[in-house]
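Participant: Below is the structure, and that's it, no one-letter string:
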């Protein structure tokens, strides 16, 4: 079959395009962004063409799918409709793929990408698996009967999926443009979870505990009312260690080269899933030590004396967790954060919470809001200054004022946001290199 993916450089769309190609389909795509994005690597490896104008001829039997960032008024969306092509929502195509495998769906407001990556790493190096990860990484080999998939609640996309096993990391209010309140969010996760035969869930999360499960559930966490209990957690500059018990029986002591309490929880979920798949404790231990996280998840590069961190954190809870993880790894360094807000709805809903968590850094900068799927007129008036004014010593920053970071070059500079921060990082690296900092 032939597929045309509009917005092919988006993390989810890039991943889907790669998987469709691996399944033997002819795939091409369109994007507005002509500059290089990290999501292109897998597309280029598969020689999937990317087009930047509407001059590419499309066969009548081509199936079109598209990113929500592309409105109906976009020229390429109008063109494919005028051609009379079949247009199928992105999540429905993903859902069709999940039907073909034993699908392990990882969902949750935070931690989806890392937990999916952990499970993928454990299974891929032992029994084999296919995977769909929200950092633009996807792979299908029909010899593998398992599919590990990051399952996003945005636009209720994951309700189109067909999991046999669901992993739930946490539930919090997010995507306020989609969900009317926290109760709506919990009910949607409940609907999704009850599609699976087995659920592995964070039992310490009070919102997960509000779900009425209709299937088998394995709870994990630090509290004694869980099935798997974490004990003796140790966080240091090399990573994180902990013991895992199944009720009163010790399963083992584990180390993972990840930082932050949240990643101990994510690792525990992955371990339990691996045990359910029949992996031995020794197999799990060995593979955890070689784990490398997904793209834009706590990625660190050193330029001169400056440590540069690139992270996808875009919700107050995620920013808080990432800053705590940075403190764990760099306890003696000054921490500067550059946060790029994405979407007017999220910024308006959490402006006070953003300001509160950003104060946990030694210095905080905020860029202008970068949003490609919302009209600012549809939301209460909001701008980045509304966050900055609540932060003591907070400042605005953009690509043209990156030199504001210069006084903080001897510490850790953390770039955070789900919108691209690549240009900011490149400008900062160039400045450091030019001045031999």
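Facilitator: That came through fine. Only a predicted model underlies this, so the values are computations on that prediction, with no experimental measurement involved.

Participant: Is residue 323 in contact with residue 412, as I believe?
Facilitator: No: contact criterion Cβ atoms under 8 Å: residue 323 and residue 412 do not qualify, at 9.9 Å. To be clear about C-beta, it is placed using only N, CA and C from the backbone, and glycine gets the same treatment.

Participant: Give the residues shared as contacts by those two.
Facilitator: residue 335 (Cβ atoms under 8 Å, 6 or more residues apart in numbering).

Participant: Okay, buried residues for stretch 344-353 please.
Facilitator: Neighbour-count burial for stretch 344-353 flags 344, 345, 346, 347, 348, 349, 350, 351 (criterion: 16 or more other Cβ atoms under 10 Å).

Participant: Any idea how many residues pack against the residue lying closest to residue 181 once chain neighbours are set aside?
Facilitator: Leaving aside its sequence neighbours, residue 181 sits nearest to residue 173 (Cβ to Cβ, 6 or more residues apart in numbering; 7.1 Å). Applying other Cβ atoms under 10 Å, we find 19 residues neighbouring residue 173.

Participant: number of nearby residues for residue 252?
Facilitator: Using other Cβ under 10 Å: residue 252 sits among 14 other residues.

Participant: what are the phi and psi angles of it?
Facilitator: Phi and psi for residue 252, reported as degrees, to the nearest 10, are phi 170, psi 170.

Participant: list the contacts for it?
Facilitator: 243, 244, 281, 284, 285.

Participant: any idea of the pLDDT on it?
Facilitator: pLDDT, residue 252: 97.

Participant: now swap in residue 294 and tell me
Facilitator: On the pLDDT scale, residue 294 gets 67.

Participant: Now residue 195: closest residue in space that isn't a chain neighbour?
Facilitator: residue 163 (6.1 Å).

Participant: on that earlier part again, and the residue nearest to residue 181, how far from residue 71?
Facilitator: Noted for residue 173: a distance of 25 Å to residue 71, by Cβ to Cβ, to the nearest Å.

Participant: now do residue 36
Facilitator: 25 Å.

Participant: would you list every one of the strands in the stretch 201-350 of the chain?
Facilitator: 216-221, 228-236, 239-246, 249-256, 299-303, 306-311, 335-339 (DSSP state E, counting those that start in this stretch).

Participant: closest to residue 18 out of the ones you listed?
Facilitator: strand 299-303 (20.3 Å; Cβ to Cβ).

Participant: And the contacts of that closest one?
Facilitator: 293, 307, 308, 309, 310, 311, 329, 429, 432, 433, 437.

Participant: Would you show me how to pick out the buried ones of these in PyMOL?
Facilitator: In PyMOL, this line selects whichever of the contacts of strand 299-303 come out buried by 16+ other Cβ under 10 Å:
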select buried, resi 293+307+308+309+310+311+329+429+432
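
Participant: Where is pLDDT lowest across the contacts of strand 299-303?
Facilitator: For the contacts of strand 299-303, the pLDDT minimum is residue 437, 56.

Participant: Please identify the helix or strand for residue 96.
Facilitator: helix 90-98 (DSSP states H and E).

Participant: Can you tell me the strand partners of the very next helix or strand once past that helix and which way each runs?
Facilitator: Later in the chain than helix 90-98, the nearest helix or strand by DSSP H and E is strand 102-107. Strand 102-107 sits in its sheet next to strand 146-150 (parallel), strand 165-168 (parallel), going by DSSP bridges.
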